[in-house]
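**Q** coords below, sequence missing:
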């Protein structure tokens, strides 16, 4: 019996795919419907939510079967779910030929987040060129967070007095862009990753965990990662 994706993984996929009753063309030029379902979709097709749920279950089952077939090292439930989301979005073929899989099957679990972060481009059908998409950057960051999260129940909700402490801690993660000509935000931690946009000088960003000299940044304060910047051009706000 195929191993199933956990609820955290299902919630992640649903949050990024969203529900669309009517068929639409995704940014990569693929006809899509429901929760990211592709393949047998036709123009002007319309489905209800229960049908979309059934299609999602089948698509996730296929993605899970691919992860089981390709990965030959033990995975926690969250690690399995993160890879199932990746396979659902990028395809089993891309997982199978990826450096991510090669490193993982050699026991390099720590490489997974940075390898996931490389898969943030889609081919623009109007130009036939690859471009970095913010939605893919956010999804790979969410999959990396799930990969790193321990299995088990979510932490208990904070009581009514705790948010004051959280807000104080958050202010310590606020930084200002100091580069006079602006700071390039990229799809991953390195110059090999595509430029998403250039942040003007004095832009205030929230910085999350760093990798070497690169920092994950959240522009909207919504807890979602928008990209990576070179941290030398960031100044902490007091």
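**A** Noted; the coordinates are in hand. Since we're looking at a predicted model, the values are computed, not measured.

**Q** for residue 144, give me its contacts.
**A** Counting by Cβ atoms under 8 Å, 6 or more residues apart in numbering, residue 144 makes contact with 82, 112-113, 116-117. Any C-beta I mention is one placed from the backbone N, CA and C, and that applies to glycine too.

**Q** just send those back as TSV, with distance to residue 133 too.
**A** Below are the contacts of residue 144 laid out as TSV (distance: Cβ to Cβ, whole Å):
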residue	distance to residue 133
82	19
112	21
113	19
116	14
117	13
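
**Q** so which of these wins on neighbours?
**A** residue 82 (29 neighbours; other Cβ atoms under 10 Å).

**Q** relative to residue 115, how far out is that residue?
**A** As for residue 82, its distance to residue 115 is 11 Å (criterion: Cβ to Cβ, to the nearest Å).

**Q** what residue lies at the spatial centre of this structure?
**A** Central residue of the chain (Cα atoms, centre = their mean): residue 139, 1.7 Å from the mean position.

**Q** which of the contacts of residue 144 sits closest to residue 1?
**A** Nearest to residue 1 among the contacts of residue 144, counting by Cβ to Cβ, is residue 82 at 20.9 Å.

**Q** need the contact list for residue 117.
**A** By Cβ under 8 Å, 6+ apart, the residues touching residue 117 are 137, 140-141, 144, 187-189, 193, 228.

**Q** ok, now residue 32?
**A** By Cβ under 8 Å, 6+ apart, the contact set of residue 32 is 20, 23-26, 38, 41.

**Q** next: residue 190.
**A** Counting by Cβ under 8 Å, 6+ apart, residue 190 touches 214, 228.

**Q** that one sits in which helix or strand?
**A** If you go by DSSP states H and E, residue 190 is not part of any helix or strand.

**Q** any low-confidence regions in the protein?
**A** Scanning the chain for pLDDT under 70 picks out 152-172, 209-211, 221-223, 238.

**Q** which residue ranges make up each domain of it?
**A** In the domain annotation for the chain, the residue ranges read 7-148, 163-236 (automatic domain parsing).

**Q** so which elements touch the longest helix anywhere in the chain?
**A** For the chain, the helix with the greatest residue count under DSSP state H is helix 49-70. Applying 3 or more Cβ pairs under 8 Å, 6 or more residues apart in numbering; DSSP states H and E, one finds that helix 49-70 contacts helix 7-17, strand 31-34, helix 77-90, helix 92-97.

**Q** which of the contacts of residue 117 fall in strands?
**A** residue 228 (DSSP state E).

**Q** list just the nearest of the contacts of residue 117 to residue 202.
**A** residue 228 (19.4 Å).

**Q** my read is that the closest one contacts residue 192, right?
**A** No - counting by Cβ atoms under 8 Å, residue 192 is not a contact partner of residue 228; they are 11.3 Å apart.

**Q** these two: which is more packed in?
**A** Taking other Cβ under 10 Å, residue 228 and residue 192 do not tie; residue 228 has more neighbours (25 against 9).
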